[in-house]
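# Need coordinates for the below:
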Amino acid sequence: MRLLPLLACAALLSAPVAGLCQDIPVDEAPATAAATSPSDASLTLTFPALKARTGALHVAVYDSAQAWKDGGKAVASLDVPAAEAEPTVRLDLPAGTYAVRVFHDVDGDGRLGTNAFGIPSEPYGFSNDAKASMGPPSFEAAAFTLAPGENAQAVTLR
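Sure thing, here's the model as predicted:
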């Protein structure tokens with residue numbers, strides 16, 4: 001009889017974080033997007049206090065709340081080896097509003113590791129240092145304005 005409440009609790013705990021850092025579909029034709037919207041801005045991402053130097057950082061950049069929420073296509077997505085002394089990512093994008101989602105695939109299996117309750121066991125983070133609380137932050141919490149020229153964001157992985 002005690003097993004049922006435990007299972008219900010586990011289901012409640014795992015459901016909100018399911019969308020935290022899912023598999024990220026990417027626009028297969030970024031050149032088309034660049035042709036219609038010239039890349040007049042650059043974004044440099046840094047990852048301070050990265051603890052492990054194994055695996056890769058999976059980075060996804062979104063330009064809409066809908067894509068962010070639904071796990072839709074990212075406008076840019078890439079993997080960066082974590083073995084670099086100071087991993088950085090530089091992206092050329094049109095000026096606009098964006099949000100970044102990152103997870104550190106420490107074990108190199110290509111997925112965000114989770115525990116038995118679905119809670120991430122590998123580090124993850126968001127632009128604006130937006131915090132995850134019972135699921136990923138909103139697009140608005142992670143969103144920032146990318147102005148023409150050079151821009152930078154530090155993403156702290158937790």
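
# Which residues does the most centrally placed residue in the chain form beta bridges with?
Nearest to the geometric centre of the chain sits Arg101, at 1.5 Å (C-alpha atoms, centre = their mean). Under DSSP bridges, the beta-bridge partners of Arg101 are Ala60, Phe126.

# since we're on Ala132, how many residues are nearby?
19 (other C-beta atoms under 10 Å). For the C-beta atoms, the positions are set from N, CA and C on the backbone; glycine is no exception.

# Show me where this protein has its helices.
3-14, 30-36, 65-70, 139-142 (DSSP state H).

# what residues does the last one touch?
With C-beta atoms under 8 Å, 6 or more residues apart in numbering as the contact definition, helix 139-142 has outside contacts at 62, 64-65, 68-69, 99-101, 126-128, 130-131.

# Which of those are buried, as a PyMOL select command?
Command for PyMOL, covering only those of the contacts of helix 139-142 found buried under the criterion 16 or more other C-beta atoms under 10 Å:
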select buried, resi 62+64+68+99+100+101+126+127+128+130
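
# now, the most widely separated pair of the contacts of helix 139-142?
Greatest spatial distance among those (C-beta to C-beta): Ser64 and Lys131, at 21.1 Å.

# what's the distance between the residue nearest to the centre of the chain and Asp40?
Look at Arg101 and Asp40: by C-beta to C-beta, to the nearest Å, they are 23 Å apart.

# pLDDT score for Pro87?
At Pro87, the model reports a pLDDT of 89.
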